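Peer 1: Predicted model, plus sequence, below.
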Amino acid sequence: MLDHIGLKVSDLARARAFYAAALAPLGITPQKVVTLAMTAGTYEGVGFGRGGHPDFWLSAGTPASGPLHVAFTAEDRASVDAFHRAALAAGAADNGAPGLRPHYHADYYGAFVLDPDGNNVEAVCHKPP
């Protein structure tokens, strides 16, 4: 349904480093960098994704008021676990250890962290073990 989503972050370099580390276990990497020079000084950012398609964008600016929630698909439960470990190592705050969330559905396996701007970032696998 969505093609892409973007978040404004208070420190682009810090956010890029955090998301590069946290999303690597999910196979999500920086795909495109947009510089101020490319946009006549109006925008700078980095797009993360898989297979050459950036669908999660970070841009420099004032973050939205109040934290947001974004969830990334994981291929398997081990990838959810690896995301959680990598995000914590990159400076995230724990917001929910990896585990089943049966109140969503029987095979909902997710982990939650808070990024440097306080956004709730999740990795989720919907497959049975």
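Peer 2: Everything's here; your move.

Peer 1: And the helices in this structure?
Peer 2: 12-23, 77-89 (DSSP state H).

Peer 1: Which strand residues bridge Leu58?
Peer 2: Note on Leu58: beta-bridge partners by DSSP bridges are Leu7, Val46.

Peer 1: Next, count neighbours for it.
Peer 2: 22 (other Cβ atoms under 10 Å). The way it works is simple: take the backbone N, C-alpha and C, and place the C-beta from them, glycine included.

Peer 1: That one against Ala17, yeah?
Peer 2: No. Using Cβ atoms under 8 Å, Leu58 makes no contact with Ala17, being 10.8 Å away.

Peer 1: returning to what we had before: got the helices of the chain as TSV, with mean pLDDT and distance to Glu122 columns?
Peer 2: Shown next, in TSV, are those (pLDDT from 0 to 100; distance: least, Cβ to Cβ, whole Å):
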stretch	mean pLDDT	distance to Glu122
helix 12-23	98	11
helix 77-89	98	9
